[in-house]
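[1] Can you look at this prediction? I've put the sequence above it.
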Amino acid sequence: MPAISPQRMRVRYEAILAAATRVFAEKGYSAASITEIAQAASISDGLIYKYFENKRALLEQVLTHFYERVIADLAAKVSAGKTFEERLHILVSEHMRTFVADTDLCRLFICEVRTASDYRGSAIHQLNRRYTQVLLKIVDDGIANGEVPADLDPRLVRDMLFGAIEHLSWRHVSGSQPLDVPRIARSLTDMLLNGLAIRKRKARR
């Protein structure tokens, strides 16, 4: 049997990955089968196992490919911001746009991957931590530049921001209501920057 060239192997690998992305997105991880992925890639079931150990390994590669793309894109766009406010607004907007552009994969991650018993400490968990590091760097830089209070806990900002965005985006992900990215991103950024209460100015002496 003639050996398959590295280029041909790469093409086949990418075809399997693309097929798995579609099937996982459409059916969810639990309901998807290797047979369905193989059919979507127009190959045999057995051939998939020459490239991926099992369905879990295939899922990890699908999400790795997704995360590496969005992390690189987010970091590049955030770096264009000149102030803490600009960088924060860019991050909020782009994170919400990810829910719109990759709705099915975001639903898969929220509903099945993150809730799995083996999520914490997994390769996918580490990818998610890399993604949130973009926000932590924004906060750290804001503190260093004197734009943010020095006693602010970046991890608290991370939990509040990403938790709020996920809650706001869930109606879009579940198909019940479209996400108004420009309006919500601006409102959420302003709320984080300015707080909720109207503070009375101290009278000048």
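    The structure has been received and is ready for your questions. Every value quoted in this text rests on a predicted model; they were computed, and no experiment measured them.

[2] which residues of the protein fall in helices?
    6-27, 34-41, 45-48, 55-79, 84-101, 103-108, 123-144, 154-173, 181-194 (DSSP state H).

[3] who wins for proximity to Arg114 among those helices?
    Proximity to Arg114 (C-beta to C-beta) singles out helix 123-144 among those, at 7.8 Å. All C-beta spots, glycine's among them, are computed from the backbone N, C-alpha and C.

[4] thinking again about what came up before, can you list the helices of the chain in CSV and add distance to Arg114 and mean pLDDT?
    Formatted as CSV, these follow (distance: least, C-beta to C-beta, whole Å; pLDDT from 0 to 100):
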stretch, distance to Arg114, mean pLDDT
helix 6-27, 14, 93
helix 34-41, 22, 96
helix 45-48, 25, 93
helix 55-79, 11, 94
helix 84-101, 14, 96
helix 103-108, 10, 92
helix 123-144, 8, 95
helix 154-173, 10, 93
helix 181-194, 21, 94
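
[5] Dump these into CSV; add mean neighbour count as well.
    Listed next are those as CSV, based on neighbours: other C-beta atoms under 10 Å:
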stretch, mean neighbour count
helix 6-27, 16
helix 34-41, 18
helix 45-48, 14
helix 55-79, 17
helix 84-101, 19
helix 103-108, 19
helix 123-144, 17
helix 154-173, 16
helix 181-194, 15
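
[6] Kindly reformat the ones you listed as JSON lines containing distance to Ala116.
    Below are the helices of the chain laid out as JSON lines (distance: least, C-beta to C-beta, whole Å):
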{"stretch": "helix 6-27", "distance to Ala116": "14"}
{"stretch": "helix 34-41", "distance to Ala116": "18"}
{"stretch": "helix 45-48", "distance to Ala116": "21"}
{"stretch": "helix 55-79", "distance to Ala116": "9"}
{"stretch": "helix 84-101", "distance to Ala116": "20"}
{"stretch": "helix 103-108", "distance to Ala116": "11"}
{"stretch": "helix 123-144", "distance to Ala116": "9"}
{"stretch": "helix 154-173", "distance to Ala116": "17"}
{"stretch": "helix 181-194", "distance to Ala116": "29"}
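
[7] And the residue nearest the centre of the chain, how far from Thr132?
    By C-alpha atoms, centre = their mean, the chain has its centre lying nearest to Tyr67, at 6.0 Å. For Tyr67, the distance to Thr132 equals 11 Å [C-beta to C-beta, to the nearest Å].

[8] and what of Gly81?
    In terms of C-beta to C-beta, Gly81 sits 17 Å off from Thr132.

[9] now do Gly46
    Applying C-beta to C-beta to Gly46 and Thr132 gives a distance of 38 Å.

[10] domains for the chain, by residue range?
    Structurally, the chain divides into domains by automatic domain parsing as follows: 1-52, 55-194.

[11] so how far is the shortest one off the chain centroid?
    On the basis of C-alpha atoms, centre = their mean, to the nearest Å, domain 1-52 is displaced by 23 Å from the centre of the chain it belongs to.
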